[in-house]
Structures are given as C-alpha cells and as structure tokens.
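Engineer: Turn this into a structure:
(chains A and B)
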Amino acid sequence: MPETRSDRIASGVIYVLLGVVTLIVLYPLYFVAIASFSAPEAVLRGEVWLWPRDITFAGYERLFANRELVRGFLNTLLYTGAGTALNLILTIAAAYPLSRRDFKGRNIFSFMLVFTLFFSGGLIPTYLLIKDLNLLNTFWVMVLPTAVSVWNVLILRTFFQTSIPYELQEASFIDGCSNTRTLLRIVLPLSLPVLAVMVLFYAVGHWNSYFNALIYLSDREQYPMQLFLREILIQGQMQEMVDITDDSLARSLMEAESIKYAAVIVANLPMLMLYPFLQKYFTKGVMIGAVKG
Amino acid sequence: MENTGTLSGRQTRKQKRAKRLARTKRSWSKNWELYLLFAPVALYFIVFHYIPMYGVQIAFKDFIANQGIWGSPWAGFKHFERFFDSFYFWRILSNTLGIGVYELIAGFPIPILLALMLNEVRSGRFRRFVQTVTYAPHFFSTVVLVGLLSLFLSPSSGLLNLMIVAFGGEARPFLTEPGWFKSLYVWSGVWQGMGWGSIIYLAALAGIDPQLHEAAKMDGASRLRRIWHINLPGIAPTIVIMLVLNVGTVLGVGFEKVFLMQNSLNMETSDVIATHVYRSGILGAQYSFSAAVGLFSAVINFIMLVSVNRIARRISGNSLW
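Structural biologist: Numbering: from 1, shown residues only, chains lettered A, B, ... in the order given. Model (predicted):
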C-alpha cells in the first residue's frame, strides 16, 4: 500500500526529531573526547568544534602521574570484580530456589525480598549497623551491603521460570541429577545471555558507585576512583597535579580543564568498550523484568 | 456406628498427618540443597535490610552511643516534632517535592515519546545507531554526569558560556544560581536516562499484534492515528506500572546527584530530605534526629506508593500488585 503524503511528513518529522535527540546526546560526548586531546588554550578560544586542535596528551599524562588516582582505579577494579562475583553467586542462589514451584515457602521468601524495595530502615540505622559490625573502612563494606539486588533476582527468577522448560529439569532429576547438578549443568548454561546482562548491570553499578564509599570509608588508600574523580571534576582539587611552580595561575587553570576532560574519558572507557557487545541483550533483560514485576 | 466413625476419622487424620510429614520429609530430602542455597541470601536480607528496619526505632529514642540502639531511652515523637518545627522543614519539603514533581512531569513522558518514535523507524541501522547513542549516558556515573555539567557550564571556560559570550550574551554561573538548580537537575537526568528508559516501552511495543496495524491500514488510518489508537493503548499497562513506580518515589529524590550538585550558594533550592539526613546524621552525628527525618520520608513514600497503586487499579485495572 503506498504511503500517503501525511504519512511521509510524519515519518520525516520523526526522523528529524530522532536525529536532533541523537545529536544532543552525542555531541557533548564527542566534544569531551576531542577537547581531551586538544590544547586547553584552543578549547578556551572556542576553536575546538569538530576536530581536535594542537593535539596534546598533557591532560592524560598529568592524570596518570597522580598516584592516588591510579590507586583508586585499582581499588575500583578490585571492588568491581569481587563485588560482581558475589552479586552473581547470590543472585543465582536467590533466584533459582524461588523459581521452583516445589520450593516450600517461596511466597514468604519472595515477599521478604520484595518488601525491601518499598521500605527500608534508611541511612542512619544502616550506618549504625555497619559501624557495629566493625565494617567501617574495610574492603567488605564495599561489597557486602549491596550483595543482592532484588530487581535482578526478579528478572532472573522470571527467566528461569519462563525460558527454561521445567520438563528439562525433571528429566535430569530422573536421570539421577541432584538439584545442584541440575542448576550447574542444565539451568545456568541455558541462561548465559541473561547472566551476561546481570554481570553488566552489577559491574556498572560497582564501577560507578560512590555513595557507600563516601559514607563508610575515610581512609584515602581505600577510596574508589569515583571519589577521586569527584575531587577532580566537581571540587576542582588538583593542586598536586597542576604545576603551580613555574606557570602562571591562568595557565594552571587551563591545564586543570584538560585534566578534567581526560578524566571523564578515562572513567568511562572500560564501560563504553564493554557495552556494545552486550547491547543486544539489553532489551531481553529488561523485558523479562517487565513481564512480571 | 458412631464410635467406629469417629475412630476411622481419627485414624484418617492421623494418617493424613503422617502423610504430610512424610511428604515434607521427602521434599526436604529432595530439596535440601535449595534451602542451603537460599540460606545466605536470607541471612543477607535479615542482616542488611531487616535489622536496620528494626533499628529504625532509634527515631523514637534518644540515642546514646555506649548504650546502643536497644539500650537508649525512649523519647516519643520528640525528634519528629523538632523536625516539623524547624526552620528547614518547609524548605526541604518543598524542594524535595518540587524536584520530584518536576522530574515526573519532564522525565516521565520523554522516554515514551522516544520509544514511540523509534518504533516507527524502518531502517534497522538508523534505529540501532540512535539506540546505541542514547543508551550510553545511562552507564555514566553520577560523578561523571555532574562533572560534565560543571565542565560545560563553567562561567569561565564552559562550552555553553563560551557560546553565550560569542553571541554577545553574558556568561552566567548556572551551577551556583539557585534558580537554575532544579532545571539542571531534571534535564541532565532526562539527558542521561531517556534512552534507557525507552527500552521497556520498546519491549512493550514489540508485543503489539501487527494484525491490528494491518487492519487499521486497510481502514485508511494514517500513521499518527495508528500510533494514537493502537500503539499508545497497547503500551498503556506498562505506562501505568511505570507511573505508579515513579509517583511512589517522588519524595525519594536520590541523594547521589543532589549532593554532588549542591554548593553553599544554591542551598536554598537544592537542600532535600536525603542531603539533610546525611548532613545532620552522618556529619553531625545526630543519629536519632536524622533517622526520624529519614523515616518520615520513607513512610510518606510508602503511603504514596500504596495509594497510587490503588488509584491506578481502580481507574485502569493495571497495578503493581
């Protein structure tokens, strides 16, 4: 059926609007990328629009020369790796029994989990608990309080229930498999795509989180990268990184700007590199959660 | 006859109990691994979620550090009254509500519009490109997002102010002007979240029966009409559920971003419940008082969620539970 004129106008408007939206999201990111490679003077004169000018890596060099930030980067790697592993194990340990109809008490346990979504003790009682458990300023405080996300448990449980035929599991029981063996050999291998999404969600969460560190850590040696980024990007604390000795104040202020641009790139690079590979699973992961909340 | 009747009745009851016991035993011996698997999860929720919920009683007590939460003396509603009477109360409440409502009005429809538009795109490559780009900011940390704001809005070196100056305007310190705080907060959130937020609606749109569109085309419905009469009703249940979730958390304006965007100059519009709790509780060590403030907002949130859910169920038949 041929498209009518009004339909073609409608499509045209939609394409233009989507183009504008894409540009609004993309251009700031592109600008940060080219500004991080350009001489700060050129950025300040407004000469950097489409291409980097007077290419320099000074911002990156200053950034990596900062011992604390490198340390923070390593800390974040550790928290992300260990935290995500714990998240994944516990999420499976929660979702699999809850997906089984013959798991007695699963309604009570489900309620126990879901209730925490809608009501929580709040910041202060949690803080006092962490303090009483002597977890302040320890590695554990970065992984334990966020060990399970209820949303992800619900997504995974729904996936187990709807996408893996129970007959398959029954067959393996008849063949003499235990529950553990069935989970490890049948259920998990069939769930790899959704597990990949879980890993991504959890890893991004750890990588980006700063709140728990802000509240529970006071030892700078244990700070994750985001807290140092906060000092650099928002509070503008860069005395150590910017030479004040032989440069004028104006010059050091400019260098501070290029350090900031470089910092944004460095902070996001690992996640942005990871995510195109997993993008095709997003819709699946989110949709599974949407089917049954 | 009667005797034997009750006797056999007793017997069957006994048998039943024995049967049930045997079934429980069998289910336990078959599924003990599941309970073992679930045990650490239950422990986690008890320790990190339910003990703090129990600890919320500190809001009704005068917390004394060496007596702990349980040993401290009761204080009734003292801390709540102090909060309601305080000079900050109305400021914090109106800021929290203002940001929450603004966010709802601006932030809620945009992902829906984006999804409806994306759904009309035929070219797979263009669609994927738009999706890839608009999803990306979701993966930025709050620190980076606020960092971007301060980079672009800096009065001396920010791109936006350079542009304003180039067009003959005057540079403005957006981040320290109280009047700009709410808009910056909300629209940077839209920028970051609209792509990701559209996924759930796209998924719902994918579930709409294409035959409906075929039939409507036969009847001569234009594209806009089909969006309005088929797609929008088709995703209405999803919209309602998301709306319930969003309205229910209007008072729960998150700490993370507000805290990072806050500075001494924009305090009058940027101080919200969560940051107030942090300042008086964690920094000021007034544990009981700030626990009371936190509990106040948690309870209001809970009530709002439940009532919005009920209204949604009555009006549209869709609800969260």
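Engineer: any idea whether residue B:264 is helix, strand or coil?
Structural biologist: Here residue B:264 is coil, with the state taken from DSSP: H, G, I helix; E, B strand; the rest coil.
Engineer: which stretches of the chain aren't confidently modelled?
Structural biologist: Answering for chain A, as no chain was given. A:1-3, A:237-251, A:279-280, A:282-293 (pLDDT under 70).
Engineer: wrong one, I was asking about chain B
Structural biologist: Residue ranges of chain B with pLDDT under 70: B:1-11, B:252, B:320-321.
Engineer: Break it down into its domains, please.
Structural biologist: Following automatic domain parsing, one gets these domains for chain B: B:17-71, B:78-316.
Engineer: Packed most tightly, which of the ones you listed would that be?
Structural biologist: When the domains of chain B are scored by mean count of other C-beta atoms under 10 Å in any protein chain shown, the highest mean neighbour count falls to domain B:78-316 (a mean of 18). Using the backbone N, CA and C atoms, a C-beta is placed for each residue, glycine as well.
Engineer: How far away from the center of its chain is that one?
Structural biologist: Its chain's average C-alpha position is 10 Å from that of domain B:78-316, according to C-alpha atoms, centre = their mean, to the nearest Å.
Engineer: What's the end-to-end length of that domain?
Structural biologist: End-to-end distance of domain B:78-316: 42 Å, with C-alpha to C-alpha, to the nearest Å as the criterion.
Engineer: Stretch B:251-268 too?
Structural biologist: End-to-end for stretch B:251-268, by C-alpha to C-alpha: 17 Å.
Engineer: How about it and chain A, touching?
Structural biologist: Yes - applying C-beta under 8 Å from any C-beta of the partner chain, one finds stretch B:251-268 touching chain A at B:255-256, B:260.
Engineer: do stretch B:230-247 as well
Structural biologist: Yes - applying C-beta under 8 Å from any C-beta, one finds stretch B:230-247 in contact with chain A at B:238, B:241.
Engineer: who's in contact with that stretch?
Structural biologist: With contact meaning C-beta atoms under 8 Å, 6 or more residues apart in numbering or on different chains, stretch B:230-247 is reached by A:290, A:293, B:104, B:108, B:112, B:115-116, B:119, B:200-201, B:204-205, B:207-208, B:212-213, B:216, B:304-305, B:308-309, B:312, B:316, B:318-320.
Engineer: try stretch B:66-81
Structural biologist: Under the criterion C-beta under 8 Å, 6+ apart, residues A:125, A:128, A:132, B:55, B:57-64, B:288-289, B:291-293, B:296 lie in contact with stretch B:66-81.
Engineer: Pick out the residue of the stretch 1-150 of chain A closest to chain B.
Structural biologist: residue A:121 (2.9 Å; C-beta to the nearest C-beta).
Engineer: Now do the same for that residue: helix, strand or coil?
Structural biologist: Residue A:121, by the three-state scheme (three-state DSSP), is coil.
Engineer: how near is it to residue B:49?
Structural biologist: 7 Å (C-beta to C-beta, to the nearest Å).
Engineer: same question, residue A:61
Structural biologist: For residue A:61 relative to residue B:49 (C-beta to C-beta), the value is 45 Å.
Engineer: tell me the centre residue of chain B?
Structural biologist: residue B:249 (5.2 Å; C-alpha atoms, centre = their mean).
Engineer: Quick check: chain neighbours aside, which residue is closest to residue A:48?
Structural biologist: Spatial nearest neighbour of residue A:48, chain neighbours left out: residue A:38 (4.8 Å); criterion: C-beta to C-beta, 6 or more residues apart in numbering or on different chains.
Engineer: List the residues that contact the one you found.
Structural biologist: Applying C-beta under 8 Å, 6+ apart to residue A:38 gives the contacts A:48, A:52-56, A:258.
Engineer: Please repeat the previous calculation with a cut-off of 10 Å.
Structural biologist: Applying C-beta atoms under 10 Å, 6 or more residues apart in numbering or on different chains to residue A:38 gives the contacts A:44, A:47-48, A:51-56, A:59, A:258, A:261.
Engineer: Repeat that for residue B:299.
Structural biologist: A:119, B:56, B:251.
Engineer: Could you dump those into JSON lines and include distance to residue A:170?
Structural biologist: Listed next are these as JSON lines, based on distance: C-beta to C-beta, whole Å:
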{"residue": "A:119", "distance to residue A:170": "38"}
{"residue": "B:56", "distance to residue A:170": "44"}
{"residue": "B:251", "distance to residue A:170": "47"}
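Engineer: Out of those, flag the one nearest to residue A:235.
Structural biologist: Comparing those against residue A:235 with C-beta to C-beta places residue B:251 closest, at 28.3 Å.
Engineer: Assess the claim that the closest one and residue B:294 are in contact.
Structural biologist: No - Residue B:251 is beyond contact range of residue B:294, at 11.1 Å (criterion: C-beta atoms under 10 Å).
Engineer: where do the contact lists of the two overlap?
Structural biologist: Contact criterion C-beta under 10 Å, 6+ apart; residues shared by residue B:251 and residue B:294: B:273-274.
Engineer: Now do the contacts for residue A:165.
Structural biologist: Contacts for residue A:165 (C-beta under 10 Å, 6+ apart) come out as A:171, A:190.
Engineer: from the contacts of residue A:38, which would you call buried?
Structural biologist: Buried members of the contacts of residue A:38, counted by 16 or more other C-beta atoms under 10 Å in any protein chain shown: A:44, A:48, A:52-53, A:56, A:59, A:258, A:261.
Engineer: a markdown table for these, including distance to residue B:145 and secondary structure?
Structural biologist: Formatted as a markdown table, the buried ones among the contacts of residue A:38 follow (distance: C-beta to C-beta, whole Å; DSSP: H, G, I helix; E, B strand; the rest coil):
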| residue | distance to residue B:145 | secondary structure |
| --- | --- | --- |
| A:44 | 23 | helix |
| A:48 | 21 | coil |
| A:52 | 23 | coil |
| A:53 | 26 | coil |
| A:56 | 26 | coil |
| A:59 | 19 | helix |
| A:258 | 20 | helix |
| A:261 | 15 | helix |
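Engineer: Reformat the residues you listed as a markdown table; add distance to residue A:267.
Structural biologist: Compiled in a markdown table, the buried ones among the contacts of residue A:38 are given as follows (distance: C-beta to C-beta, whole Å):
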| residue | distance to residue A:267 |
| --- | --- |
| A:44 | 23 |
| A:48 | 20 |
| A:52 | 19 |
| A:53 | 23 |
| A:56 | 20 |
| A:59 | 13 |
| A:258 | 15 |
| A:261 | 11 |
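Engineer: What is the nearest of the residues you listed to residue B:162?
Structural biologist: The closest of the buried ones among the contacts of residue A:38 to residue B:162 turns out to be residue A:44 (C-beta to C-beta; 7.6 Å).
Engineer: The closest one reaches residue A:257, doesn't it?
Structural biologist: Yes - at 7.4 Å, residue A:44 counts as touching residue A:257 under the criterion of C-beta under 10 Å.
Engineer: Please enumerate the shared neighbours of those two.
Structural biologist: Shared contacts of residue A:44 and residue A:257 (C-beta under 10 Å, 6+ apart): A:35, B:156-157.
Engineer: so of those residues, which ones are in helices?
Structural biologist: With DSSP state H as the criterion, helices contain residue A:35 from among the shared contacts of residue A:44 and residue A:257.
Engineer: Pipe the shared contacts of residue A:44 and residue A:257 into TSV and attach distance to residue A:253 per row.
Structural biologist: Below are the shared contacts of residue A:44 and residue A:257 laid out as TSV (distance: C-beta to C-beta, whole Å):
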residue	distance to residue A:253
A:35	15
B:156	8
B:157	8
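Engineer: circling back to that earlier point, need the three-state assignment for the closest residue to the residue nearest to the centre of chain B other than its chain neighbours.
Structural biologist: If the residues on either side of it in the chain are set aside, residue B:249 comes closest to residue B:301, at 6.2 Å by C-beta to C-beta, 6+ apart. Following three-state DSSP, we place residue B:301 in the helix state.
Engineer: residues in contact with residue B:301?
Structural biologist: Residues near residue B:301 by C-beta under 10 Å, 6+ apart: A:118-120, B:100, B:248-252, B:273.
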